[in-house]
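A.B. asks: Got a predicted structure plus its sequence, pasted below:
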Amino acid sequence: MKKIAVLPSLLTLGNTFCGFLAIVKVADAAQAFAASNSALFQSRLETAVGLVFLAMLFDALDGKVARLTHQATDFGAQLDSLSDAITFGVAPAAAAKVLLETEGGKIMPFLVRHPRVLFMTAAVYALFAVMRLARFNVETADHEEESHYRFKGLPTPAAGGLVAAAVLFWLHRGDEILSSLPPWVFDGVLRLLPWTLVLLGLAMISPLPYPHLVNVLFKRRKSFPFLAGLVLLVVLATISYEMGLLSLLMVYFLVGPIWGAWEAARARRARRRRARFLEGPRSAAG
C-alpha cells in the first residue's frame, strides 16, 4: 500500500476514538440507570453526546487538512466513512435508544409494551447512515474541494449532531434557562425522537441537496438576512448553547427539503419555457 498521510489520518482516528468512547459511555449510562443512579446516568449520557460533538470537530478538520496539504487519498476517504459510521451512525442511535428506554416509557407507555418498535427506529437510523456513507464513497470520484460543496442527502455528521443535540436538550431540562420552558416542550422532544430517527435516516439516503455547512458559513459573501439570522443563532447559543445547537441543526435539516423543492420548481418552469419555445415555431409553421 502507498504511504499514508499521517496528520489527516490521526484526526480521522480521533473521530473514531470519540465514537467508540461515546458508545462506551452510553453503555455506562444504561448501567447507572439500572442501578438507580440518576445523577451518574445523566452524566454518562451527557458525556456520550458531548463526544459526538467533539467528533464533529475532528471530522471537519481531517478533510480540510488533507486537501490543504494535498494529502487526500482513497485510504483517507474510506477511513473517514468508517469512522463516521461509528460516531454519527451507531453512537447517536444508541444514545437515543437508551434515553427512550429509560425515560420515554413514562410518557409513552406503548414503548414499554412494544420495545421492538423502539429498537427498529434506532436500527433504521444506523443502517441508513451506513448506506448513505457507502453511496457517498461510490459517487464521489475525486478529492477536490468542489466535490464537498454540496451533498446528496443529509450528511451523517449533521444527522448525528441533531440526535445528540435533542438528547442534550432533554438532559439539561433542569438548567436555569431551560427550566423556564413548559414541560410539554421536553415531553415533545421525547415523543418525537423515535420518529425523528426514522426521518433523519430517510433524509440521509434521499437525493435532497444539502450544502457543506462550513463552506456555507465561510465561503463567498452572504446576504444581509443571512447575517442577521446567524447573529440570532449566536445570541440564542449565548443564552443557552443547548437551544442554539438544536436550533442550528434543525434549520440545516430543513434546508434540504426547501432547497430541493425550489430546484424542482425551477426545473418545472424551465421545462415549461422550453415547451413554449418549441411550440412557437410549430404554430408558425402550421
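C.D. replies: Sure thing, it's come through.
A.B. asks: Averaging pLDDT per element, find the lowest-scoring helix or strand in this structure.
C.D. replies: Every helix and strand of the chain was ranked by mean pLDDT, DSSP states H and E. The lowest is helix 213-218, at a mean of 64.
A.B. asks: Name the next helix or strand downstream of that helix, please.
C.D. replies: helix 224-239 (DSSP states H and E).
A.B. asks: just how off-centre is that next one within its chain?
C.D. replies: The chain centroid and the centroid of helix 224-239 are separated by 20 Å under Cα atoms, centre = their mean, to the nearest Å.
A.B. asks: got the angle for the helix or strand following it vs helix 224-239?
C.D. replies: Note on helix 224-239: by DSSP H and E, the next helix or strand toward the C-terminus is helix 241-285. Angle of helix 241-285 versus helix 224-239, following axes from the mean of the first three to the mean of the last three Cα atoms, to 10 degrees, is 160 degrees.
A.B. asks: Which strands or helices does helix 241-285 pack on?
C.D. replies: helix 156-171, helix 183-205, strand 209-211, helix 224-239 (3 or more Cβ pairs under 8 Å, 6 or more residues apart in numbering; DSSP states H and E). To be clear about C-beta, it is placed using only N, CA and C from the backbone, and glycine gets the same treatment.
A.B. asks: For the ones you listed, could you give me JSON lines that also reports distance to residue 23?
C.D. replies: Output for these, formatted as JSON lines (distance: least, Cβ to Cβ, whole Å):
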{"stretch": "helix 156-171", "distance to residue 23": "12"}
{"stretch": "helix 183-205", "distance to residue 23": "16"}
{"stretch": "strand 209-211", "distance to residue 23": "26"}
{"stretch": "helix 224-239", "distance to residue 23": "27"}
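A.B. asks: Give me whichever of the ones you listed is most buried.
C.D. replies: Ranked by mean neighbour count, the helices and strands packed on helix 241-285 are led by helix 156-171 with a mean of 25 (mean count of other Cβ atoms under 10 Å).
A.B. asks: Kindly format the C-alpha coordinates of it as CSV.
C.D. replies: Provided in CSV are the C-alpha atoms of helix 156-171 (Å, rounded to 0.1, in the frame of the first residue of the first chain):
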residue,chain,number,x,y,z
THR,A,156,-24.2,11.9,8.7
PRO,A,157,-22.4,14.4,11.0
ALA,A,158,-25.4,16.7,10.8
ALA,A,159,-27.9,13.9,11.4
GLY,A,160,-25.8,12.6,14.4
GLY,A,161,-25.4,16.1,15.7
LEU,A,162,-29.2,16.7,15.6
VAL,A,163,-29.9,13.5,17.5
ALA,A,164,-27.1,14.4,20.1
ALA,A,165,-28.5,17.9,20.4
ALA,A,166,-32.0,16.6,21.1
VAL,A,167,-30.7,14.3,23.8
LEU,A,168,-28.6,17.1,25.3
PHE,A,169,-31.5,19.5,25.3
TRP,A,170,-33.6,17.0,27.2
LEU,A,171,-30.9,16.2,29.7
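A.B. asks: Give me the angle between it and helix 183-205.
C.D. replies: Angle of helix 156-171 versus helix 183-205, following the same axes, to 10 degrees, is 170 degrees.
A.B. asks: List the residue ranges of the stretch 1-150 of the chain that fall below the pLDDT cut-off.
C.D. replies: Across the stretch 1-150 of the chain, the ranges flagged by pLDDT under 70 are 1-3, 112, 141-149.
A.B. asks: how far away is residue 232 from residue 196?
C.D. replies: 23 Å (Cβ to Cβ, to the nearest Å).
A.B. asks: Sorry, slip of the keys, the one I care about is residue 50.
C.D. replies: 20 Å.
A.B. asks: got it, and residue 64?
C.D. replies: Counting by Cβ to Cβ, the gap from residue 64 to residue 196 is 29 Å.
A.B. asks: Ok, residue 246 next?
C.D. replies: Applying Cβ to Cβ to residue 246 and residue 196 gives a distance of 11 Å.
A.B. asks: Next: residue 117.
C.D. replies: Using Cβ to Cβ, residue 117 is found at 14 Å from residue 196.
A.B. asks: One more: residue 35?
C.D. replies: From residue 35 to residue 196 the distance is 29 Å (Cβ to Cβ).
A.B. asks: same question, residue 94
C.D. replies: Relative to residue 196, and taking Cβ to Cβ, residue 94 is found at 15 Å.
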